[in-house]
Structures are given as structure tokens and as C-alpha cells.
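Q: need a 3D model of the following:
(6 chains)
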Protein chains: 4
Amino acid sequence: MDGTRQRRRGNTRQRIQDVALGLFAEQGYEKTSLREIAEQLDVTKAALYYHFKTKEEILVSIFEDLSRPLEDLIAWGREQPHSLETKQEILRRYSEALAAAAPLFRFMQENQATIRELRIGELFKTRMFGLRDILTDPDADLVDQVRCVSALLTLHAGMHILQDTESDPEEKRKAVLEVAVDLITQAHRGSAGA
Amino acid sequence: MDGTRQRRRGNTRQRIQDVALGLFAEQGYEKTSLREIAEQLDVTKAALYYHFKTKEEILVSIFEDLSRPLEDLIAWGREQPHSLETKQEILRRYSEALAAAAPLFRFMQENQATIRELRIGELFKTRMFGLRDILTDPDADLVDQVRCVSALLTLHAGMHILQDTESDPEEKRKAVLEVAVDLITQAHRGSAGA
Amino acid sequence: MDGTRQRRRGNTRQRIQDVALGLFAEQGYEKTSLREIAEQLDVTKAALYYHFKTKEEILVSIFEDLSRPLEDLIAWGREQPHSLETKQEILRRYSEALAAAAPLFRFMQENQATIRELRIGELFKTRMFGLRDILTDPDADLVDQVRCVSALLTLHAGMHILQDTESDPEEKRKAVLEVAVDLITQAHRGSAGA
Amino acid sequence: MDGTRQRRRGNTRQRIQDVALGLFAEQGYEKTSLREIAEQLDVTKAALYYHFKTKEEILVSIFEDLSRPLEDLIAWGREQPHSLETKQEILRRYSEALAAAAPLFRFMQENQATIRELRIGELFKTRMFGLRDILTDPDADLVDQVRCVSALLTLHAGMHILQDTESDPEEKRKAVLEVAVDLITQAHRGSAGA
DNA sequence: CATGAATGAGCATTCATTCAT
DNA sequence: GATGAATGAATGCTCATTCAT
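A: You can find the predicted model right below:
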């Protein structure tokens, strides 16, 4: 009884987000017009404005909704001891979370120039710095810092970049994760050993 | 004495490319209008069209001009034995070449969605695949393939991503290179050892 | 009483067509800009695009709306016996239909080069061939075929060409029609007598 | 020795006219740009301006050069007795002259809207009135006046309109001429008989 | 909840034309 | 006799946004 209530009516907002993310990811933010979104939903442009104040707000709302799990993960990570185990666990969960919201992150990856000037640019940057601070010692060796960033980078871009390799997505994710964990592990040893 | 002669006149094409690249890198391709470029050069939009057939052609010409060294490097790499030393040498030179054309590659990095539908998308993709084929064994372990891609990724994105770390750019480049070389080395050993 | 209700609002599409046809006929299609049309209507250019997808579509819509009677006439003609009486009746009605949509046909007459490359070029050509097939025997004498075409030509161009002759338009139309009927009659006798 | 002198050099003006007429006839005046003409001639736009002051002047010069024979014909006609024989002779010669400058007259036919606002509009109109005055009695029956105009019309448009009929161009011209002569003859009898 | 109608600002592109060389 | 470089004005079109209904 409860689950259905917001299904039939009131799901337009959700449908807008879905279609918009699809188009944003496929064509980029700037090249996707509200007309296109509206047409694909078979509503008028004006309808979009009933649900969202601006085009940017559609994007922000998608980002906020889909990236909450990551937010939580970071919050959790912050409270753990900065041990290697924690770091590895973070990467594992992060990798899963990324996979779960793949289109969004493909979009983020491919539209950095756009995002930079949008509100989510700041949001995303803040988040990445949060992650980095958990994974790396602020006074670690520069090379080790790069390793951390590289690990994150690999996680983020990994799946899209191996498009042409046929192998199964889940296997790919595992391989990408392994490399990331390796990098972090090396970085951790560097800092710890020093 | 001699080099100045073609400075005053006849350098407009070049100036257009410079200004355009600056703006493309700063604001993105779509958000940069020809009006903006023209204004910054203090010429009319029509003047741009005297030198280039379309907006896209401006970008393509920049890409072609600035990335020729990379093209050459790949050509060179293809003829070397696929030894670890070659691979390391490639990365070293590639890193230098990227640094030399940093704004272009920052642009490429941040405007992937845009680029994908432009002609340079294909050009770039082809190039990256060329590089990958030199650096990695086609029947290498999936994890090792990821390491290679990761190395390339790190090289490409590395410098832009560490914006906030204050340290000197050249040091950063070295650090990034070291990580990339590490990754390639591990990958090479994986393939060789198997 | 009833007819006025949808006058004020919702007639914009129609008003656009009217103004556009006026300008197209007066200045030609290419020399009429959307800015001009919009200004004369006291709306913005963008408003035109709410009602029509392209400039060409404005023209097509005018053509389709105004030339439907001719379409019908041809359809009717096709089902009649190809007797002289039918042919004469066709010309009579055709002449009236042309007069009723005079500005459109003046436009068609005077912008053939333009029209040829537009969609209505094909539409119009097809229609003319339809008419010709009713009026003339496919294996008639070449001279008689010319007479038919000449009759149509006279009907089409007749009124515009006699601009300077002062006499009353309706009289002119009658005179033009008489010549056309004469031509068709001669042509018919030629074919029948052979 | 004499004939060659203006051949190699100094024929550019002529070549411009040829190419321009070709394009004007094919695509219309407005849709033909000077860039196109220049490109097809493999010279720069600026070169066109060495030979002609404006785009319009190119057209005017073509018209003047190619229609001089018609001018002469009319001048001749004006001095003859307004007998039926004269009229028939005029039509015969006129038909030949039109055929000799077919592309120009196809252009005139198809670009009336454009021409009307250009200088050649007046030129052409004046000429047509001149012809009409030779062919028709000013106080002839309205119907007979129409017949004359119709004859002219048929001559002008005839050849282009029968494009799809396969028969040989010269035969077509003859047929068209025959119909025109017929019309004029009828008109003449009408006036004479009254 | 949503539409129909419209706007204002902007964009890439094209054109006829000019002029110093 | 011609070019290289540029301009000013315009064009068709698209977009995010608004608002009365």
C-alpha cells in the first residue's frame, strides 16, 4: 500500500531524471536540450519547469540522489582508523558504488569542463578531496600521493576506457579494483615505512 | 632578425589558434563562442572564417599542429622492440610531449563528451589505441592491461588533478611519470613472467 | 457571433501565413527574412519557430492549405471522361481556383528557381503533370501537347502579365480563360480528328 | 593575328560571364554567391571586382551582351508595316534568338521576383512591351491581346516546360513556334476582321 | 500537473564588398 | 590583373526560461 503511493502519479520527477541522465551521459550536458528531454518524455518543456527550477537543477538533483551512497561511504571512512585494511575496504565499496551509478560517473568523467562551472563541480571536488584525505597521508611522499590519485582515477575512468575489450563488465571491474588496491597498498607502505 | 619578418602580418591564423585554445581549455568548446574568440583578437567573426571553414576546423587544426610530436613518437615506438626499456622510454617522452602541449590535453581531458562527436574524437582514439598496443601485450592478463591504461590515464590526467598541491609542476610531472613507469613495469613483468 | 471566438488568440499561425505570403509574393522567398515577417507581426523571430519548424515549412504549409482546392479539382477531373466538355469545365474551375489564391500563384510564377529546390517544387510539378494528363492525350501530336501546356501557362501567368492593361480583373480572367479554352479545344480536335 | 589578340589574356571578363550565367541559371541569382563563381573560375572574389563593379553588374552585362540581337529585332520590327507577315517573321526570328540564348532566358523566366527589383527588370519589361506593341493593335479586343501575350509566353517558357517530353529540342522549338504563330494569326484576324 | 504561446539572447555561418599591396 | 585579409550586416535557427490559463 505504501510502496505504490508515489508510483503512478508523482513519478514524473523521477522519469525526468532518468531520461535526462541518459541523454546527458550520451550526448553531454550542453548538447542536450530541454526540448529533447521533454520530447522523449512526451511532455512539454514547461512541465519540466514544474518539477525543477532550472536545467542545472535537474543535474544537481540527479547527482545528489545518485551519489548519496558515496557520501555515506566517505562519512564512514572518516571514522575508521586509517589502516590499510580500511583503505582497501573503501576502494572495494567505492568501486561497487561507482558501478551502481555508472551513467552518472561516465557523465562526470566526460563533462568535466562543463561541470567545473556548475554547482556540482564544487560538490564533486569536495568529495574527491575527502576521499583522498582518507586514502593518503597529507605529508606522504609526492609519488605516493600520485599513486592515490591514480587509483581513484583508474576506478573512475577504468570501465569506460576499456570499452573495446570484450570481457565481461564485472570481471573488468574486479581487474580495475585490483590495480587500484595495489596502488593504494604501495602508497600506504611508502608512508608507513618512511 | 629573420624570424620577425612574418610576425606582424600573416600570423593571424596562429593567433586565432592560440586564443581559441586558451578559451577552449578554460571554458570548454561549446561554451566558447566565435564572438568571444574574435573579440579577444580584436577582429570580426567573419575574419575567423577567412582562416578556418568552421569552428570545428579551428579545433582540428590546433589538435593536428600540437599533437604531431606525439604522432611521431608513436610511429617511432612501433618500430622498436617491445622491450621494457622501450616502453619506459616511450612514457618518458610521452610525458614530456604532454607537458609541452598541456592546454590542449587539459582540454581533451575535460571535454571528452564534446570531442567524442567531433572529428578529433576518432583521431584521438586511434592514437590512444596505437599507444596501448605498444605498451601492452594483446594477450596479457586483464589486470596488466588495466595497468597500462591506468598508466596512460595517470599521465594524461595527473597534472591537472593535482592542481591544489602546491609543489612545482616539473616535480609533479616527474612523480606522475614515476608512477606510470611503475605500472608499466609491473605489467611488463606480469606478461613476461607468465 | 460564433466565428469570432477563436479570432484573438490562436490565430497566430494563420497570421504568420498571411504575412509571409504577402512578403514572399512581393519580394520573393529568399529576400524575405524571418526578421521581416516577425517584425510585421510584432512578434519575435522565435515565435515563428514555435509555429513552424523552418522557413521552408511556412511556405509548404501555405502551399498545402491554399492549393487543396486545386488538388480536389484534379482528383475530380481524373474520374471524368476525357471529353472536351470535361476539359473545358476543368479550365473554368481551375481559372477560378487560381484567382482565389492569386498571391500564391503569382509567387510560384515568379520564384521558380527557388521553388525548384524546395519541397513544394516537387509537389507543384506533380500537380501540373496531373493536370496535363487530363487535358492532353499522351500520344497526341507534339503541337497539340504544346497547346495544352500553353493553355495552362496562359492561365497561370495571364493575370500578372496584363498588369498594365487597366481593364477590370474579372474581365481579364474571362479573356484569359477564353484563350485557354480555345487552345484546349483546338488540341482536342487535333487528337480526335486524327 | 587579329582574332587571337583578346583571347589568351583579357578573356577573363568573358569567362566570368559564362560561369556566372551557368550558375545563375542553374541555382538562381540569390543562391549563387560570388565565392562560388570565383571558385569555379579558380580566381579570388576580389578578381571579380576588378572586372565588374557589383554582382548585379555581372548580370546586367550578361543581359546586355546576350540580348542585343533581340533589341535589334525589335528595332527592325518597329519599322515594318504591321502586317501579318511581319508579325510571323518576328516570331520566327524571336524564337531563334531565344534558343540562341536559352540559358539567359531560362534564368529570366525562373527568377522574375529577383529580376523585378534589379535594373534588368525594367530593361526586360520595356523590351516585352515593345514587342507586344508590334504584335498587337493597342485597341484590339482584350481576348486578342491575351492571345499575343500568350504567344510570347509560350515562346519564352515553352522549351523549359516540356523538359520531360523526350523529343528533339529543335522539333520542340518548331512546335512551340507553330502554336505561337497560330495565336498571333488569330489575333491579327480578329483585329483586322473587326 | 501541465500546456500553449512567447521571449530575449545568443550562435555559427554566409555574403557582397573594400582596399592595400 | 589580381590577391590576401578583412569587414559590417545579415540570416536561419536554437535555447533556457516565463507565465497566463
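Q: what strand or helix carries the nearest residue to A:R92 once chain neighbours are set aside?
A: Spatial nearest neighbour of A:R92, chain neighbours left out: A:L177 (6.6 Å); criterion: Cβ to Cβ, 6 or more residues apart in numbering or on different chains. In short, each C-beta sits where N, CA and C put it, glycine included. Assigned by DSSP states H and E, A:L177 belongs to helix A:169-193.
Q: avg pLDDT for that helix?
A: Across helix A:169-193, the average pLDDT comes to 87.
Q: packing partners of that helix?
A: helix A:84-100, helix A:142-161, helix B:142-161, helix B:169-193 (3 or more Cβ pairs under 8 Å, 6 or more residues apart in numbering or on different chains; DSSP states H and E).
Q: with distance to DNA strand E and mean neighbour count added, can I get the ones you listed in TSV?
A: What follows is the helices and strands packed on helix A:169-193, written out as TSV (distance: least, Cβ to the nearest atom of the strand, whole Å; neighbours: other Cβ atoms under 10 Å in any protein chain shown):
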stretch	distance to DNA strand E	mean neighbour count
helix A:84-100	27	18
helix A:142-161	27	23
helix B:142-161	24	23
helix B:169-193	31	19
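Q: in TSV: the ones you listed, plus distance to B:S61.
A: Output for the helices and strands packed on helix A:169-193, formatted as TSV (distance: least, Cβ to Cβ, whole Å):
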stretch	distance to B:S61
helix A:84-100	36
helix A:142-161	27
helix B:142-161	21
helix B:169-193	27
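Q: quick one: contacts for the closest residue to A:I161 other than its chain neighbours?
A: Nearest non-adjacent residue to A:I161, counting by Cβ to Cβ, 6+ apart: B:V149, 5.3 Å away. If a contact means Cβ atoms under 8 Å, 6 or more residues apart in numbering or on different chains, then B:V149 has A:154, A:158, A:161-162, B:132 as its contacts.
Q: run the chain-centre distance for the helix or strand containing A:R35.
A: Using DSSP H and E, A:R35 sits within helix A:34-41. Distance of helix A:34-41 from its chain centroid, counting by Cα atoms, centre = their mean, to the nearest Å, is 24 Å.
Q: buried ones in that helix, by neighbour count?
A: For helix A:34-41, the neighbour count (16 or more other Cβ atoms under 10 Å in any protein chain shown) marks A:34, A:37-38, A:41 as buried.
Q: A:S150 and B:L84, how far apart?
A: With distances taken as Cβ to Cβ, to the nearest Å, A:S150 is found 20 Å from B:L84.
Q: next: A:T126.
A: A:T126 sits 40 Å away from B:L84, going by Cβ to Cβ.
Q: next one: A:Q80
A: 38 Å.
Q: now swap in A:I90 and tell me
A: Relative to B:L84, A:I90 is positioned 32 Å away (Cβ to Cβ).
Q: how about A:S33?
A: Between A:S33 and B:L84 the computed distance is 50 Å (Cβ to Cβ).
Q: for the helix or strand A:D72 falls within, buried residues please.
A: Assigned by DSSP H and E, A:D72 belongs to helix A:55-79. For helix A:55-79, the neighbour count (16+ other Cβ under 10 Å) marks A:55, A:58-63, A:66-67, A:70, A:73-74, A:77 as buried.
Q: angle of it against helix A:34-41?
A: Inter-element angle recorded for helix A:55-79 and helix A:34-41: 80 degrees (by axes from the mean of the first three to the mean of the last three Cα atoms, to 10 degrees).
Q: and helix A:55-79 with DNA strand F, contact?
A: Yes - using Cβ under 7 Å from any atom of the strand, helix A:55-79 reaches DNA strand F at A:55-56.
Q: so where does the most centrally placed residue in chain A fall, helix or strand?
A: Closest residue to the average C-alpha location of chain A: A:F105 at 4.1 Å, with Cα atoms, centre = their mean. In the assignment (DSSP H and E), A:F105 maps to helix A:102-110.
Q: now look at the helix or strand that that helix is followed by and say if it contacts chain B.
A: Sequence-wise, the next helix or strand downstream of helix A:102-110 (DSSP H and E) is helix A:112-116. Yes - using Cβ under 8 Å from any Cβ of the partner chain, helix A:112-116 reaches chain B at A:112-114, A:116.
Q: distance to C:A99 and pLDDT added to the contacts of B:V149, as CSV?
A: Output for the contacts of B:V149, formatted as CSV (distance: Cβ to Cβ, whole Å; pLDDT from 0 to 100):
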residue, distance to C:A99, pLDDT
A:T154, 77, 93
A:G158, 73, 78
A:I161, 69, 73
A:L162, 71, 70
B:R132, 73, 89
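Q: tell me the one of the residues you listed nearest D:H188?
A: Checking the contacts of B:V149 against D:H188 with Cβ to Cβ, the nearest one is A:I161 at 86.9 Å.
Q: rewinding a little: and the residues of helix A:112-116 next to chain B, which is closest to D:Q145?
A: The shortest approach to D:Q145 among those belongs to A:T114, at 70.0 Å (Cβ to Cβ).
Q: which residue sits closest to the closest one, ignoring its sequence neighbours?
A: Using Cβ to Cβ, 6+ apart, the nearest residue to A:T114 is A:Y29, at 4.8 Å.
Q: again, but for A:L66
A: Once flanking residues are discounted, A:L66 sits nearest to A:A101: 4.4 Å by Cβ to Cβ, 6+ apart.
Q: relative to D:T44, how far out is that neighbour?
A: Going from A:A101 to D:T44 by Cβ to Cβ gives 56 Å.
Q: ok, now A:D137?
A: Note on A:D137: its distance to D:T44, by Cβ to Cβ, is 66 Å.
Q: the two: who's more crowded?
A: Taking other Cβ atoms under 10 Å in any protein chain shown, A:D137 and D:T44 do not tie; A:D137 has more neighbours (17 against 13).
Q: can you tell me the SS state at the more buried one?
A: Reduced to three states with DSSP: H, G, I helix; E, B strand; the rest coil, the structure at A:D137 is coil.
Q: where does pLDDT dip in chain A?
A: Chain A contains residues with pLDDT under 70 at A:1-10, A:163-165, A:191-194.
Q: interface residues of it facing chain B?
A: When proximity is defined as Cβ under 8 Å from any Cβ, chain A approaches chain B at A:27-31, A:107, A:109-114, A:116-117, A:129, A:142-143, A:145-147, A:149-150, A:153-154, A:157-158, A:161-162, A:164-165, A:167, A:171-172, A:175-176, A:178-179, A:182-183, A:186.
Q: contact partners for A:F63?
A: For A:F63, the contact set (Cβ under 8 Å, 6+ apart) comprises A:104, A:120, A:123-124.
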